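**Q** The following block contains a protein sequence and its predicted model.
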Amino acid sequence: MELPQTLTNKVFDIVEKGDEITVIVRDGEINEIKDDIDKFIYNDLNVYADKLVRFIEEEDIINKEMFKMMFDSVSLIDNSPLLSKFGLKRYVEIVYDLTNLDQTNKMLFNYALFGRGKTSGLIQSVNGKRIGKGVILIPYDAKGAVERFINGWNIRYSEREVLNFEWGLEDGNE
C-alpha cells in the first residue's frame, strides 16, 4: 500500500492487528490528517472499511500498555512487523532439561540440535543460537518446529518470548 503524498511525512505507520487498524501519527497532527486518513482507508482501501480505526501519536508507542497491545501488529504500508521499525525481532528462549535421557541419547539429542562436524543441526537451520547449557534462543517463527523436535525426545522444557535487536544473532552460533 502506498500512502498519498500529502500523508507521507505525517504518518509513521499504519498497522493492522485483528479487527483494528492503528494509525501512528508524527508530531501530534492527528486532527490535521484524520479526514484524509479516513478517506484513504474507507475509499481507497475499502477492504479495511469494516475495521475499527484508532489514531495514536508516535511517542505513545513507548507506553507499556500500548506497546503490548501493538506487539504483533503488521504494517499495511510495507507488510512488515511493527517491531522491525525499531530494529527488534521476536525470539523464544527455550530452557530444556536432559536429565531423563541416558548419556547416549543426550549425545544424540545434542548432535541433532547443534550438528556435528560438517553436518548442521536444527539450531543452524532455524538461525537460532545456543546461549548457555540447556538454553537456546530461536526466532519466533521457528517455535513450532523446535517444540516438535523437543517433544519428540520427551524432554521437559520451558519457554518465554523475548525481544532482541535483529542484528543480535548475526555473530554466529556457539
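**A** Thanks, I have it. Numbering: from 1, shown residues only.
**Q** can you pull the pLDDT of Asp171?
**A** pLDDT, Asp171: 48.
**Q** no no, Asp44
**A** Value for Asp44, per-residue pLDDT: 62.
**Q** Let me see the mean pLDDT of the lengthiest helix in the chain.
**A** If you go by DSSP state H, the chain has its longest helix at helix 103-114. Mean pLDDT, computed over helix 103-114, is 97.
**Q** Quick check: buried residues in that helix?
**A** Neighbour-count burial for helix 103-114 flags 109, 112-114 (criterion: 16 or more other CB atoms under 10 Å). C-beta: built from backbone N, CA, C; applies to glycine.
**Q** now do stretch 144-157
**A** For stretch 144-157, a neighbour-count test (16+ other CB under 10 Å) marks 146, 149-150, 153, 155, 157 as buried.
**Q** what's the pLDDT at Glu58?
**A** 85.
**Q** excluding its backbone neighbours, what's nearest it?
**A** Spatially, and ignoring its direct neighbours in sequence, Glu58 is nearest to Phe12 (4.8 Å; CB to CB, 6 or more residues apart in numbering).
**Q** Shouldn't that neighbour be within a strand?
**A** Yes. The assignment for Phe12 by DSSP: H, G, I helix; E, B strand; the rest coil puts it in a strand.
**Q** That one against Arg26, yeah?
**A** Yes. Phe12 lies in contact with Arg26 (CB atoms under 8 Å); the separation is 5.3 Å.
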